[in-house]
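Visitor: Kindly generate the corresponding structure for this input.
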Amino acid sequence: MTVAMPPHDAPAVRAHDAPAVRAPDAPPNPLDVLVVDDDPLFRRYLAHVLRQAGFHIRIASDGPGLRAALAQAVPDAVVLDVVLQSESGLDLCRELRANDAYCDLVIIATSAAAGSMVTARVDEVSALAAGANGFVPKGRSSEPLVAMIHQALAAEAA
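Guide: From the prediction side, this is the model:
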């Protein structure tokens, strides 16, 4: 089943505009991050790390899941694996950038960068060319990802 993106002129509803269940010590309006990755272990890891950093997290495993999540509410940022099994994360990034409702969405790309620095650099350049705001290779510490999300959100707000 394919879920279509909302029309270009559809009003964007940000996820943090809706009430959410939060931990008692969480900030009053945590920023909403959608993690899109087909690896369930990495999805759980990222969700944990980003929750610890104070974000509200939603997850999707593929393109249809991304589209369904966007139809519910637009997140503040998306962490998107560039290599998904069902369809290319790069194509999804381009699709988001081409849609007026999502063209300003912060997108941080990730990739396992199978094996070499050259492959990691190719993935990074490809992700940035597709419209990602930043790129963080999988397997690195979580601090660069958290910092990149904060930096990209601050740049969008400016």
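Visitor: mean confidence for stretch 144-154?
Guide: Mean per-residue pLDDT for stretch 144-154: 89.
Visitor: Quick check: chain neighbours aside, which residue is closest to residue 34?
Guide: Among residues not flanking residue 34 along the chain, residue 75 sits closest, at 4.1 Å (C-beta to C-beta, 6 or more residues apart in numbering). For the C-beta atoms, the positions are set from N, CA and C on the backbone; glycine is no exception.
Visitor: Then residue 31?
Guide: Nearest to residue 31 is residue 76, by C-beta to C-beta, 6+ apart, at 4.3 Å.
Visitor: Relative to residue 97, how far out is the closest residue to residue 86 other than its chain neighbours?
Guide: Of all residues not flanking residue 86 in the chain, residue 62 sits nearest, at 4.3 Å (C-beta to C-beta, 6+ apart). The gap separating residue 62 from residue 97 is 19 Å, by C-beta to C-beta, to the nearest Å.
Visitor: Between the two, which is the more surrounded one?
Guide: Taking other C-beta atoms under 10 Å, residue 62 and residue 97 do not tie; residue 62 has more neighbours (18 against 15).
Visitor: quick one: low-confidence parts of the chain?
Guide: 1-29, 113-119 (pLDDT under 70).
Visitor: same thing but at 90, please
Guide: 1-30, 83, 85-86, 111-124, 136-145, 150-158 (pLDDT under 90).
Visitor: Show me the helices in it, by range?
Guide: 40-52, 63-72, 89-98, 117-130, 143-157 (DSSP state H).
Visitor: Including distance to residue 106, could those helices go into JSON lines?
Guide: JSON lines is the format used below for the helices of the chain (distance: least, C-beta to C-beta, whole Å):
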{"stretch": "helix 40-52", "distance to residue 106": "13"}
{"stretch": "helix 63-72", "distance to residue 106": "13"}
{"stretch": "helix 89-98", "distance to residue 106": "10"}
{"stretch": "helix 117-130", "distance to residue 106": "13"}
{"stretch": "helix 143-157", "distance to residue 106": "4"}
